[in-house]
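K.L.:
Sequence plus the predicted model coming up.
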Amino acid sequence: MLSKELYQRFLQGQCSAAEEAEVLAYFRQHPEAWKEQLQHDDFQQFRPDARLHPAHSANMFKAIRTRIVQQDGVHRMRVRIFTAAAALLAGVAGIAFLWKFEAQRQHAPAPLVAMAATVMDTLRNNSNHSQRYVLEDGSSIVLYRYSQISYRKGFETNARNIYLKGGGRFSVAKDQRRPFTVYTSTLATTALGTVFTVQENAPRQIHIKLISGKIVVKSTGGVAFAPMYLEPGETLAWNEGMHLPEKRHETVLPPMPGSEERLVADGQTLAFNHVPLQKVLQVLGEQYDADIQYDAHHLKKVYVTATFSRQDSLVNILQTIATLNNASVQGDNGRHYQLKK
């Protein structure tokens, strides 16, 4: 039996890691207990200035959605996502989800939960191909087909939190004050200024790859593990049948000291370590049979450390490099491109 005192401390984000694991394990084993908690006064009186574990926020979202679906009768609804009732542990105030709907029915539905709400922006790619989006902070996201992200409009004052369903490639604009974190069902991937991909092919089957920079991956529920750091070219895979995530090295650069220039161009990968931008663009031009110009005055001191797949398009690679250096790409999507500051 879960004690009320422990649950309240979990709700406020005041538990130790071991206590959090105990609470999460209890709710997984007793889902009916979670439903009861939604009806409890502690939940009804919860306010957005409190702090809540991300895994708890996700469970809350699923439960609220289930309650909406189970309302009497069959009806059509238009969905809009709102934050309410909860906040993430990483110092971020007030993020949870409430589904607000307009139903075509003969009688008005009873109100679900009275909560103060803040609008969430949602980007959906319902097409059969990847689509690129640019966020308010300048970060670029390539959403894979049938994927979506949600985030607080304008972001939080001290964080940039993204909630992902499906998969995407993230080119993160630098912002030392606001870490950029992508949440899936059980993992949180955090970066300051970097490029990485996150793919959740099915619930609790997650694949993360770092292209440039550095990221840290943490558990937000399920199996607890120490934070794992990735370097360019490394991947992390996890599913609920694994005791710990598995980290792999897709490309190993030749061992050389410090920040000396390194370059690998094989049949599968293009890997750069501290390579001048001019040389990187020359290699890309040769590999993709394209003419690539750049603003030499503003970008002459730029060095690139990144790992790209041969399956990446030239446009995506150039957009990645541009995003990391506060530049832009101009071109005809064919053989002629220019990077401008």
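P.N.:
Now that the structure is in, tell me what you want to look at. Residues are numbered from 1 along each chain as shown.

K.L.:
Wait, S309 touches D266, no?
P.N.:
No - contact between S309 and D266 fails when scored by C-beta atoms under 8 Å: they sit 11.2 Å apart. C-beta here means a position set from N, CA and C on the backbone, and glycine is covered the same way.

K.L.:
which one of the two has more residues nearby?
P.N.:
Legend: neighbour count by other C-beta atoms under 10 Å for S309 and D266, higher for S309 (16 against 9).

K.L.:
if you skip the residues just before and after it, what's nearest to the more buried one?
P.N.:
Distances taken as C-beta to C-beta, 6 or more residues apart in numbering place T269 nearest to S309, at 6.4 Å, with adjacent residues excluded.

K.L.:
so for the helix or strand where T181 lies, what's the average pLDDT?
P.N.:
T181 belongs to strand 180-183 when assigned by DSSP states H and E. Average pLDDT, strand 180-183: 94.

K.L.:
other SSEs contacting that strand?
P.N.:
Using 3 or more C-beta pairs under 8 Å, 6 or more residues apart in numbering; DSSP states H and E, the elements in contact with strand 180-183 are strand 160-165, strand 167-171, strand 187-191.

K.L.:
one more time with 10 Å, if that's ok
P.N.:
helix 54-69, strand 147-152, strand 160-165, strand 167-171, strand 187-191, strand 195-202, strand 215-219 (3 or more C-beta pairs under 10 Å, 6 or more residues apart in numbering; DSSP states H and E).

K.L.:
Surely P203 and G221 touch.
P.N.:
No - using C-beta atoms under 10 Å, P203 is not in contact with G221, being 11.8 Å away.

K.L.:
returning to that earlier point: just give me the neighbour total for the residue nearest to S309.
P.N.:
With other C-beta under 10 Å as criterion, T269 counts 18.

K.L.:
wouldn't it be in contact with G233 here?
P.N.:
Yes - counting by C-beta under 10 Å, G233 is a contact partner of T269 at 7.4 Å.

K.L.:
and the helices and strands packed on strand 180-183, which one's lowest on average pLDDT?
P.N.:
Minimum mean pLDDT among these: helix 54-69, a mean of 46.

K.L.:
Could you check this protein and say which of its helices or strands has the lowest average pLDDT?
P.N.:
strand 98-100 (a mean of 29; mean pLDDT, DSSP states H and E).

K.L.:
May I see the buried residues of the helix or strand just after that strand?
P.N.:
On the C-terminal side of strand 98-100, the closest following helix or strand by DSSP H and E is strand 118-125. By neighbour count on 16 or more other C-beta atoms under 10 Å, the buried set for strand 118-125 is 120, 123, 125.

K.L.:
Specify the beta-bridge partners of the last one.
P.N.:
To tie it back to what came earlier, the one meant is N125. According to DSSP bridges, S147 are recorded as the beta-bridge partners of N125.

K.L.:
Then the first one?
P.N.:
Per DSSP bridges, residues listed as beta-bridge partners of M120: R152.

K.L.:
and it, how far is that from H129?
P.N.:
25 Å (C-beta to C-beta, to the nearest Å).

K.L.:
now D295
P.N.:
For D295, the distance to H129 (C-beta to C-beta) stands at 30 Å.

K.L.:
which residues does the residue nearest to D289 when sequence neighbours are not counted contact?
P.N.:
Take D289 and drop its neighbours on the chain: the residue closest to it by C-beta to C-beta, 6+ apart is R335, 6.7 Å away. Residues counted as contacts of R335 (C-beta atoms under 10 Å, 6 or more residues apart in numbering) are 285, 288-292, 314.

K.L.:
Report how many residues lie close to S171.
P.N.:
Residues contacting S171 under the criterion other C-beta under 10 Å number 25.

K.L.:
quick one: contacts for it?
P.N.:
S171 touches 132, 134, 138-142, 193-196, 211-213, 316, 319-324, counting by C-beta under 10 Å, 6+ apart.

K.L.:
8 Å - rerun?
P.N.:
Shown in contact with S171 (C-beta atoms under 8 Å, 6 or more residues apart in numbering): 139-141, 195, 319-320, 323-324.

K.L.:
In strands, which of those residues appear?
P.N.:
Using DSSP state E, the subset of the contacts of S171 located in strands is 140-141, 195.

K.L.:
Give me the ChimeraX select line for these, limited to the buried ones.
P.N.:
Restricted to buried positions by 16+ other C-beta under 10 Å, the ChimeraX selection for the ones in strands among the contacts of S171 reads:
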select :140,141,195
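
K.L.:
Just put the ones in strands among the contacts of S171 in a markdown table and tack on distance to W238.
P.N.:
Below are the ones in strands among the contacts of S171 laid out as a markdown table (distance: C-beta to C-beta, whole Å):
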| residue | distance to W238 |
| --- | --- |
| S140 | 25 |
| I141 | 22 |
| V195 | 20 |
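
K.L.:
for this structure, which spans come out with low pLDDT?
P.N.:
Within the chain, the segments meeting pLDDT under 70 span 1, 10-19, 21, 25, 27-118, 192, 250-262, 332-333.

K.L.:
Repeat the analysis, applying 80 as the threshold.
P.N.:
Within the chain, the ranges that satisfy pLDDT under 80 run 1-119, 192-193, 202-204, 221-223, 240-241, 243, 249-268, 310-311, 323-326, 332-334.
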